[in-house]
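In: prediction below, plus the sequence it came from.
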Amino acid sequence: MNTQEKLNKQLFEAVASMKDASEVEAFFSDLCTYKEIEYMAQRIESARLLMQGETYAKVAKQVSVSTATLSRVNRCVQHGEGYNVLLRRFLELSEENTK
């Protein structure tokens, strides 16, 4: 494992060690600019909408992202794991909170 891979792993483990959303919010507020957080949130919302079967045109308009970004997000939704795991867990938590 090279130095950058070790640093990346350290970052991922740091985020995973957070106890709740307020800790994660504080961490990301320190780590990222407002725009970087905004872009990440837009990508997650775009993934959610694409997974629900929405069209690129509707998602681009609703979330205000480029079709290039949507293409990247869609590729990750179709062939990756991260968005799927995140959104599945988020849905499970939402369902638990409404019980």
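Out: Noted; the coordinates are in hand.

In: and the contacts of the longest helix seen in the chain?
Out: Using DSSP state H, we find that the single longest helix of the chain is helix 34-51. The contact list for helix 34-51 (Cβ atoms under 8 Å, 6 or more residues apart in numbering) reads 28-29, 32, 58-59, 62-65, 69-70, 73-74, 76-77, 83-84, 86-87. From N, CA and C alone the C-beta is placed, and that goes for glycine too.

In: need the contact list for Val15.
Out: Applying Cβ under 8 Å, 6+ apart, one finds that Val15 lies in contact with 24, 27.

In: and it, which of the three is it?
Out: helix (DSSP: H, G, I helix; E, B strand; the rest coil).

In: tell me, how many residues neighbour Gln42?
Out: Gln42: 16 surrounding residues under other Cβ atoms under 10 Å.

In: in terms of helices and strands, where is Thr69?
Out: If you go by DSSP states H and E, Thr69 is part of helix 67-79.

In: same check on Ser22?
Out: Following DSSP H and E, one finds Ser22 within helix 21-31.

In: using CSV, write out the CA atom coordinates for that helix.
Out: Provided in CSV are the C-alpha atoms of helix 21-31 (Å, rounded to 0.1, in the frame of the first residue of the first chain):
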residue,chain,number,x,y,z
ALA,A,21,-24.6,13.0,11.9
SER,A,22,-23.6,16.0,14.0
GLU,A,23,-20.1,14.8,14.3
VAL,A,24,-19.9,14.0,10.6
GLU,A,25,-21.3,17.5,9.8
ALA,A,26,-18.7,19.2,12.0
PHE,A,27,-15.9,17.2,10.4
PHE,A,28,-17.0,17.9,6.8
SER,A,29,-17.5,21.6,7.7
ASP,A,30,-13.9,21.7,8.8
LEU,A,31,-12.6,19.5,6.0
